[in-house]
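In: coords below, sequence missing:
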């Protein structure tokens, strides 16, 4: 059952990947079944401090990033794209993307059209033994 839902990001803990090779990025999942009574969308806030990383990866679902604070470069299909407050980036499903490193704090909203964060099958290039220069 789905219903209107309110989530306060300030009340959520930071999450991280278990393997730091995937990145030192922090994130807070706002909307995702079964934690929220929703069935068609996942969204959250990503946070990076200077020196932190988000390794190159892909997943079948398309994704949107929307810059909230700071400025940085997101690599999408081998090309840098500026992410800053008010800037939206559409990342097609299956396309390799990531944030190799930031030199200043960066915060963005992300969303996927799927029910649960667990539905997103991340494929990190370093785990697959691939290079993407």
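Out: Received it, and whenever you're ready, just let me know what you need. None of the values given here were measured: they were computed from a predicted structure.

In: just to be sure, residue 94 is in a helix?
Out: No. Using DSSP: H, G, I helix; E, B strand; the rest coil, the secondary structure at residue 94 is coil, not a helix.

In: contacting residues for it?
Out: By CB atoms under 8 Å, 6 or more residues apart in numbering, residue 94 lies in contact with 58, 59, 60. C-beta: built from backbone N, CA, C; applies to glycine.

In: out of the residues you listed, who's nearest residue 95?
Out: The closest of the contacts of residue 94 to residue 95 turns out to be residue 58 (CB to CB; 6.1 Å).

In: give the bridge partners for the closest one, please.
Out: Beta-bridge partners recorded for residue 58 (DSSP bridges): residue 123.

In: chain neighbours aside, what residue packs nearest to residue 21?
Out: residue 126 (5.9 Å; CB to CB, 6 or more residues apart in numbering).

In: helix, strand, or coil at the one you found?
Out: Put simply, residue 126 is helix when judged by three-state DSSP.

In: so the residue nearest to residue 75 when sequence neighbours are not counted, which of the three states?
Out: Nearest residue to residue 75 in three dimensions, chain neighbours excluded: residue 98, at 5.7 Å (CB to CB, 6+ apart). Assigned by three-state DSSP, the conformation of residue 98 is strand.
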